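> What follows is a predicted protein model with its sequence.
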Amino acid sequence: MASVSDGILRWATADLHLPVLLIGVVVVSVALTLTVRRWYVGRVQRYRLRRARDGETRAARLLTAAGYEIVGSQVEHSYDLWLDGQAQTVGLRADYLAERDGCRYVVEVKTGTACDIRSAATRRQLLEYDHAFDAEGLVLADMQKRLLRQVRFRSPRARRCRVTGKC
């Protein structure tokens, strides 16, 4: 004969099947979603990296064909700025340094829709290059349109270029 405790145990385990099953389904769903998301993000990042590398290779050929000599690629540089009186060193990396007609240019390569000069991120990046590098000019390589665009900001360096006629 079954005891009262056996009946309580059967009743408790029967009621736990559904919640345990639901928790298991949720855990498996979350794990699967995270795995698929991680795979997708990795795939997108690898695609963007490959597109960027291809764009830089095509930009090098375009620069050479336009008479630029490539002095360096993925050129790392740093400059100092002061925050509340404390010097801070900031690092940055340009796609290319190139020379033509005795002038040095910082070249930024853009692939896809990121090459729009109306993009605040692109302008800020070029403005930082203009400030940080000791170059006479900036070149924006639009690899979607296969164009090299000279960019100038109204800065002392840009005014010097206009006055001297170099660049």
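In hand now; what should we look at? Numbers count the residues shown, from 1 in each chain.
> residue boundaries of the strands in the chain?
Assigned strands in the chain, in chain order: 69-83, 86-100, 103-110, 137-142, 147-151 (criterion: DSSP state E).
> As a markdown table, these with distance to Tyr129, mean pLDDT and mean neighbour count would be great.
Any C-beta I mention is one placed from the backbone N, CA and C, and that applies to glycine too. Below are these laid out as a markdown table (distance: least, Cβ to Cβ, whole Å; pLDDT from 0 to 100; neighbours: other Cβ atoms under 10 Å):
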| stretch | distance to Tyr129 | mean pLDDT | mean neighbour count |
| --- | --- | --- | --- |
| strand 69-83 | 9 | 93 | 12 |
| strand 86-100 | 6 | 94 | 15 |
| strand 103-110 | 4 | 94 | 22 |
| strand 137-142 | 6 | 94 | 23 |
| strand 147-151 | 9 | 92 | 15 |
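> Tell me which of these lies nearest to Tyr40.
strand 103-110 (24.0 Å; Cβ to Cβ).
> Just name the shakiest helix or strand of this protein by mean pLDDT.
helix 156-164 (a mean of 59; mean pLDDT, DSSP states H and E).
> before we move on, the earlier item: Serialize the strands of the chain to a markdown table and add fields for distance to Glu56.
Listed next are those as a markdown table, based on distance: least, Cβ to Cβ, whole Å:
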| stretch | distance to Glu56 |
| --- | --- |
| strand 69-83 | 7 |
| strand 86-100 | 6 |
| strand 103-110 | 5 |
| strand 137-142 | 8 |
| strand 147-151 | 13 |
